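>>> Give me the fold of what follows.
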Amino acid sequence: MAHESFEDEEVATLLNDHFIAVKVDREERPDVDSIYMKVCQMITQQGGWPLNVFLTPDQKPFFAGTYFPKTSMMNRPRFMDVLQQLSTRFEDDRDHVENVANNIMRGLKQNLHVSSDQTLSPSILHKTFQQLAGSFDTVYGGFGQAPKFPTPHMLTFLLRYYRWSENENALYMVRKTLGSLANGGIYDHIGSGFSRYSTDPQWLVPHFEKMLYDNALLIHAYTEGYQMVKDMRYRDIVEGMVTFLDREMTGEQGAFYSAIDADSEGVEGKYYVWSKEEIERILPEREAKMFIDVYNIRDEGNFEGANIPHLIYTEIEKKVERYGDNLFSRLEDAKSLLLAEREKRIYPHVDDKILTSWNGLMISALAKAGRVFERNDYIARAERALAFIEDKMILNDRLMVRYRDGEVKEKGFVDDYAYLLWAYMELYQATLSVDYLEKAQKLSNELFHLFWDKEHGGFYFSAKDGEELIAREKESYDGALPSGNGVAVTQLLKLAKLTGDQETLKAVHRMFQTFEREVTSYGSGHAQFLHAFLELQMDHREIIIRGSKDDQGVRDLVSILQKEFLPEVAYLVVEEGDENRLPLLEDYPFVKGKTTIYNCANFACERPTHDANVVISQLLQK
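Modelled structure (predicted):
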């Protein structure tokens, strides 16, 4: 609508004559977007973007919708007709408009303040699995119909469900989806990185926009998939994504940009697609034939006359037989030549806003991948980005939303705090530096102070010092991004286990009650929130190691804890001199002056041991 209507003189004149038009950046003001999206869903029974909401002078909504064309089409009213009718109604029948607005406000506030006196039941985990299985695409992986989104938080839920239930179908759904995503055109086979979604069931033709958050969450999913099944292709995908991140989405000071547009020169996908003739011109003849065969390049193309390279129909074992064991190294060389040629094209626009929340997601992803794949350079990237956030994105002790060209705007929302908490927790697990645990504890205190609902539990989306909108809501439902409450409850559970903070643990259990109705009614829409509940069902454990990180037994145990898929295990390694920084350690002393390991479940510990191999064998038996 921006080009079609808002830049049109006729539309703009009508709009400005009768309304005060306010355009909202939903990435900078997700609170405004979220509350008015709920209004749109109440009025129209559906949501989406662009979002158009019409308010009375006192900010009460009385009409909402998504896309209105400039000219009528597909039973959608013309935008100018909508404007004219609403203006006439407001001027001629103001009482009716006010009544509509008041009814909407009553319904909105009733929906926002529903609470439960029951807590979650483990049966919701099986119900959620069945919901996901029912919508699973058995041919191409993923969930639902086109357009198809990767939904990595559903995949990481299924990995936890598999570890708990040993249901092989859960693992199958993860492997099928991760493999299909990596084969499809949604993955950039030349430069790496994933596009936002696929327009078709087989993941072939993407909407070519690349989002920071999608790639962060997919690094999490591929890394955890590798932990579970040790598929080396998952490691290679992560490596490619980090290389892409460095090359195309990292600012000079180490923080990460938000997105890369889908189009260049006004044409969607132009930067990414190829003609067969181009490939034959750029690559040596033998390599061109190989690349064209492996990546399904056709004379007629597969997207508007051009080709999106993909592996959907490729039987890779047969290609190895045909081209030899050095096929993969030859393909990498070919892709390097194509990438160099592609970089001569006009590049899509980069949204170079630096968002605290999305950077938090990527920092957590890099920290996790760094510890699992023993890549200290990944961890260093994460720490550099975090240093930027801590230096530039905190004003007057308040975490902020976005940075661009030296300007910092908007006080942080629950997502900013929850995602950054995730970053601190992953960096602790990657580095074992108590500094990160202390920072996580400090941030969690701020999270409770600014966002916690003392009466009903759960975190509000906006802080108590934020701008007052028509209502203050709590989000538990996952959209393209996992919900702030879902991330918060998962990370607070780990933090409580590591610090022994019983008040935080009580808050976690309170959240299972606060959101019981929402989660029980639609489990698959709360996959992130259910991570924490599922981990508790898995006999959540704490491994507390008192001793030197240089001790060989400690190093072996830490290696297992860092590399294996053990989401239910929280581990703490504390050397002499650090015990005063963590009150929990008073109950877990050194025994006989030696490295001492405590293997505990809900703070009830087995007999402490000096032998790391004993604990390793116990962990790997589960």
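
>>> all contacts plus neighbour counts: C-alpha atoms, from now on.
OK.

>>> ok, now which ones touch L171?
L171 makes contacts with L158, L159, Y162, as judged by CA atoms under 8 Å, 6 or more residues apart in numbering.

>>> correction: V100
Counted by CA under 8 Å, 6+ apart, V100 has contacts F62.

>>> so when I look at it, I'm seeing a helix, right?
Yes. Checked against DSSP: H, G, I helix; E, B strand; the rest coil, V100 lies within a helix.

>>> hey, where'd the strands end up in the stretch 51-200 of the chain?
Secondary structure of the stretch 51-200 of the chain (DSSP state E, counting those that start in this stretch): strands at 52-55, 61-65, 197-198.

>>> Mean neighbour count, those: which tops it?
strand 197-198 (a mean of 23; mean count of other CA atoms under 10 Å).

>>> Output the contacting helices and strands for that strand.
Contact analysis of strand 197-198 by 3 or more CA pairs under 8 Å, 6 or more residues apart in numbering; DSSP states H and E lists strand 206-207 as its packing neighbours.

>>> Can you tell me the strand partners of the helix or strand just after the strand it packs on and which way each runs?
Where DSSP states H and E defines the elements, the next helix or strand beyond strand 206-207 is strand 210-211. Partners of strand 210-211 in the sheet, by DSSP bridges, are strand 259-260 (antiparallel).

>>> about what we covered before: turn the strands of the stretch 51-200 of the chain into JSON lines, columns for mean pLDDT and distance to K210.
Below are the strands of the stretch 51-200 of the chain laid out as JSON lines (pLDDT from 0 to 100; distance: least, CA to CA, whole Å):
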{"stretch": "strand 52-55", "mean pLDDT": "94", "distance to K210": "25"}
{"stretch": "strand 61-65", "mean pLDDT": "92", "distance to K210": "26"}
{"stretch": "strand 197-198", "mean pLDDT": "97", "distance to K210": "9"}
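
>>> For stretch 390-404, give me every contacting residue.
Contacts for stretch 390-404 (CA under 8 Å, 6+ apart): 28, 352-357, 408-413, 416-417.

>>> Buried subset of those residues as a ChimeraX selection?
Entered in ChimeraX, the line below selects the buried ones among these, by 16 or more other CA atoms under 10 Å:
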select :28,352,353,354,355,356,357,408,411,412,413,416,417
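
>>> To C40, which of the strands of the stretch 51-200 of the chain lies closest?
With CA to CA as the measure, strand 61-65 is the member of the strands of the stretch 51-200 of the chain nearest C40 (5.2 Å).

>>> ok so, going back, export the strands of the stretch 51-200 of the chain to JSON lines and tack on distance to G266?
Listed next are those as JSON lines, based on distance: least, CA to CA, whole Å:
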{"stretch": "strand 52-55", "distance to G266": "25"}
{"stretch": "strand 61-65", "distance to G266": "27"}
{"stretch": "strand 197-198", "distance to G266": "20"}
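
>>> Show me the one of the ones you listed that comes nearest R510.
strand 61-65 (32.5 Å).

>>> Which secondary structure elements does that closest one sit against?
Against strand 61-65 (3+ CA pairs under 8 Å, 6+ apart) you get helix 30-44, strand 52-55, helix 94-112.

>>> again, only this time at 6 Å
strand 52-55, helix 94-112 (3 or more CA pairs under 6 Å, 6 or more residues apart in numbering; DSSP states H and E).

>>> Would you tell me which one of those is buried the most?
Mean neighbours per residue, mean count of other CA under 10 Å, is largest over the helices and strands packed on strand 61-65 for strand 52-55, with a mean of 17.

>>> Who does it pair with, and is each partner parallel or antiparallel?
Going by DSSP bridges, the partners of strand 52-55 are strand 61-65 (antiparallel).

>>> Validate this expectation: K474 resides in a strand.
No. Read with three-state DSSP, K474 is coil and lies in no strand.

>>> residues in contact with it?
Neighbour list for K474: Y460, F461 [criterion: CA atoms under 6 Å, 6 or more residues apart in numbering].

>>> Need phi/psi at it.
For K474, the backbone dihedrals (degrees, to the nearest 10) come out as phi -120, psi 130.

>>> Quickly note the distance from M538 to V615.
Between M538 and V615 the distance is 17 Å, computed by CA to CA, to the nearest Å.

>>> hmm, back to that, which one of the helices and strands packed on strand 61-65 lies nearest to M73?
Among the helices and strands packed on strand 61-65, strand 52-55 sits nearest to M73 (CA to CA), with 17.5 Å.

>>> And the contacts of the closest one?
By CA under 6 Å, 6+ apart, the residues outside strand 52-55 that reach it are P61, F62, F63, A64, G65, T66.

>>> ok, the fourth one to S165 distance?
For A64, the distance to S165 under the criterion CA to CA works out to 44 Å.

>>> surely F62 meets A101?
Yes. F62 is within contact range of A101, at 4.5 Å (criterion: CA atoms under 6 Å).

>>> Not counting sequence-adjacent ones, nearest residue to Y460?
K474 (4.4 Å; CA to CA, 6 or more residues apart in numbering).

>>> Per-residue pLDDT of that neighbour, please?
Listed pLDDT for K474 reads 92.

>>> Same question for F459.
On the pLDDT scale, F459 gets 97.

>>> same check, this time on V114
63.

>>> Break down the stretch 251-400 of the chain into its helices, ranges please.
276-282, 285-294, 316-323, 327-342, 356-372, 376-392 (DSSP state H, counting those that start in this stretch).

>>> between the third one and helix 327-342, what angle do the directions make?
Read that as helix 316-323. 90 degrees (axes from the mean of the first three to the mean of the last three CA atoms, to 10 degrees).

>>> pull the CA atoms of helix 316-323 into PDB?
Provided in PDB are the C-alpha atoms of helix 316-323 (Å, rounded to 0.1, in the frame of the first residue of the first chain):
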ATOM      1  CA  ILE A 316      23.300 -36.800  -4.100                       C
ATOM      2  CA  GLU A 317      24.700 -40.300  -3.800                       C
ATOM      3  CA  LYS A 318      24.200 -40.800  -7.500                       C
ATOM      4  CA  LYS A 319      25.900 -37.500  -8.200                       C
ATOM      5  CA  VAL A 320      28.900 -38.600  -6.200                       C
ATOM      6  CA  GLU A 321      29.100 -41.800  -8.200                       C
ATOM      7  CA  ARG A 322      28.900 -39.800 -11.400                       C
ATOM      8  CA  TYR A 323      31.400 -37.000 -10.500                       C
END
